[in-house]
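Peer 1: A structural model of the following input is requested.
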Amino acid sequence: MQRRTALKNVAASMGAMVALPAWASNWNQKSIKKIGFLTIAEDEMLAEVVETFIPVTDTPGAKELNVHRFVQKMVAECYEPEVKKTLNDGLASLDKYSQQTFKKPFAAGTPPQRIHILEGLELSDDPSVRAFFPLVKNLTIQGYMNSEYVMTNLTHYEMIPGRFHGCVPIKEA
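Peer 2: The predicted structure follows:
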């Protein structure tokens, strides 16, 4: 490599490292209008939905492990665009159905009320709303079971299983 090119690359890298913290310092939840493709309110409602599926017990719940972010990322990056519409329609129907049934938003409901609302959406006549329940439920389970907490503390997953101990004495046969 040419010395001049190497010096330019080093200077550009140093400039980027100096500028990045100043550029990103004003980022926070309130300054970002959307999280993924959902609004902040929809993201919070999705967090309550995943928490309804896997609530806090002696282990953290799905909301605490940010499974709602996993669901959103999977829908945004791994599914067809129609599935985004299914998620958006399902969240809108969820709040509407909650207001009709219990006269309060979904997030304000008790756990049995939330379960009742989700089961009601599963029985809906609208196919896009009916598809919301299994989509979110399956992604919630997948995200929870693959979270760092569950993999390290509950299933005791090892990235590289087995060990090589080269200094172990061997008995002759």
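
Peer 1: need the helices for this protein, in chain order.
Peer 2: 3-24, 40-53, 67-78, 81-102, 111-122, 127-130, 132-145, 148-149 (DSSP state H).

Peer 1: how about the residue nearest to residue 54 when sequence neighbours are not counted, what does it touch?
Peer 2: Closest residue in space to residue 54, ignoring its immediate chain neighbours: residue 62 at 4.0 Å, by CB to CB, 6 or more residues apart in numbering. Yep, even glycine has a C-beta here, placed from its N, CA and C like the rest. Residues in contact with residue 62 (CB atoms under 8 Å, 6 or more residues apart in numbering) are 50-51, 53-55, 68, 140, 143-144.

Peer 1: Now do residue 62 against residue 100, distance only.
Peer 2: 26 Å (CB to CB, to the nearest Å).

Peer 1: ok, now residue 168?
Peer 2: From residue 168 to residue 100 the distance is 68 Å (CB to CB).

Peer 1: higher neighbour count, these two?
Peer 2: Neighbour comparison, residue 168 and residue 100: the larger count goes to residue 100, with 10 against 6 (by other CB atoms under 10 Å).

Peer 1: ok so, going back, drop anything exposed from the contacts of residue 62.
Peer 2: Neighbour counting by 16 or more other CB atoms under 10 Å classes 50-51, 53-54, 68, 140, 143-144 among the contacts of residue 62 as buried.

Peer 1: which two of those lie the greatest distance from each other?
Peer 2: Greatest spatial distance among the buried ones among the contacts of residue 62 (CB to CB): 51 and 143, at 12.3 Å.

Peer 1: what sits up against stretch 123-139?
Peer 2: By CB under 8 Å, 6+ apart, the residues outside stretch 123-139 that reach it are 46, 49-50, 53, 70-71, 74-75, 83, 85-87, 89-91, 93-94, 118-119, 121-122.

Peer 1: which of these count as buried?
Peer 2: Judged by 16+ other CB under 10 Å, buried ones among these: 46, 49-50, 53, 70-71, 74-75, 83, 86-87, 90-91, 93-94, 118, 121.

Peer 1: Per-residue pLDDT of residue 85, please?
Peer 2: pLDDT, residue 85: 90.
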